Every structure is written in structure tokens, then in C-alpha cells.
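Student: Sequence isn't available, so here's the structure alone:
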């Protein structure tokens, strides 16, 4: 078993993205294993029958297979940005908003992004549901720079990957929406050094090999046995 936590991840998955953000900001070094979801390695299947990402395997053998649980575990070790303590509201308030994202908004997002998978779900209804929720976020951000006050916190980092995915469905449509505050919030997040540090493109991990060290102090990823260990 690795002396480091092992993270099974997929770069473009919003759930995995939020887990990597929390691990990076908290400085929790792990062995990152990039997974190709169409060809899942046995290593992932053995530790998590769900075979979804992200999955974090702690050195003692505990398996965390929910992205929010990984975020909260990482922040419990070290939370230098105060992600668990927003300037407005509470951790419970943030978790309630994240639940809205992971529930109704994610459902609408999937139906807008992958309409062929949901032939019986009217895409207009799904888009209207998503638009209503995103409009509420924009209104919320009109009074403060982040979802829960003056600094980025757990809710911002857990929700932004999904807003990014929705914006990417049709960039022209997204830019034309009357959401200046939400659009600026997303653009600022995507331009951040933290976002860049978790989005390195990696080759697929192969069973029996070592992953890469994540996060790396110099912002690059190196093999576990390579320089910088």
C-alpha cells in the first residue's frame, strides 16, 4: 500500500476537479492516478465497486468515494484559505447550496449536455430549470464577490466546476446571458493559479505502475519516484 493517499481521478470530471482543488489548497500530497472512464483500471474497481471518480484511498486503507467527503477530509487536515469558514453564512449553509448543485442543477445540466441520453426529458424544461438556478446565483453574487462573502470558500470550489461544465455546452449562449456577476466569478476562478495547478493533462494510469505526485510545489507533476520527492 502506498505511503501516500492515492487519488483516482479524471481531469475533466467536475466531481474529481473539486476534490483536486481541496487537496491542492490544503497541501495534502497524494499519488494521483489518472483514470480513463471508458477503460477503468482494476486498481480502481478493487477499491471502489462504484467505479466512479474521485476515489481517495488513505494510507490506513480507508476509502473516500464521495467528492465532498474528500474535500472535507483535506480541509480538516489544513484549511489555509478558510474554505470551511465563510465570511457570511455557515458550513451547513454552504452544504445546502452544494446539495442543490449536486441534485436538481446537475440533473438539468446532464439533460442539457447529453440530450440523447434522456430522450424522454424535454431539453427546454431542463434548460429553464438550470437557468433559474444560475440566475439566482448571479443575483447572489451581485452583492458580494463570492457565494458566501468576501473570500472563496467550499461552496465556490464545489460548485464552480459544474457551472464551468454548463457554460461549456454553448460558449456563445453562455456569453449572451444577463449574468455579469456569475460570468465574472467563473472567469476569475478559471484564471486562478489554483485552477491551473489541478488541470494538468496526464496519461492514463496503468495497473501495476506508480502515479504522479500531486500537488507538486513547483506546480508541475512528477512521477512518485522522480525528482522532487
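Tutor: Structure's in. What do you need? Here the structure is a predicted model, which is why all the values come from computation and not from measurement.
Student: give me the low-pLDDT residue ranges for the chain?
Tutor: Scanning the chain for pLDDT under 70 picks out 1-2, 216-229.
Student: tally of neighbours for the residue nearest to residue 88 when sequence neighbours are not counted?
Tutor: The spatial neighbour of residue 88 that comes closest, neighbours along the chain excluded (C-beta to C-beta, 6 or more residues apart in numbering), is residue 149 at 3.7 Å. For the C-beta atoms, the positions are set from N, CA and C on the backbone; glycine is no exception. Residue 149: 17 surrounding residues under other C-beta atoms under 10 Å.
Student: can I assume residue 104 is in contact with residue 134?
Tutor: No - Residue 104 is not in contact with residue 134 according to C-beta atoms under 8 Å; the separation is 11.7 Å.
Student: Which one's more surrounded, the two?
Tutor: residue 134 (21 against 14).
Student: can you give me phi and psi for that one?
Tutor: The phi and psi values for residue 134, taken as degrees, to the nearest 10, are phi -70, psi -40.
Student: Next: residue 55.
Tutor: Torsion angles, degrees, to the nearest 10, at residue 55: phi -130, psi 130.
Student: isn't it right next to residue 66, touching?
Tutor: No - using C-beta under 8 Å, residue 55 is not in contact with residue 66; the gap is 9.2 Å.
Student: Who has more neighbours out of the two?
Tutor: Neighbour comparison, residue 55 and residue 66: the larger count goes to residue 55, with 25 against 17 (by other C-beta under 10 Å).
Student: quick one, what contacts the more buried one?
Tutor: Shown in contact with residue 55 (C-beta atoms under 8 Å, 6 or more residues apart in numbering): 7-8, 44, 47-48, 63-65.
Student: wait, what's in contact with the residue nearest to residue 88?
Tutor: 86-89.
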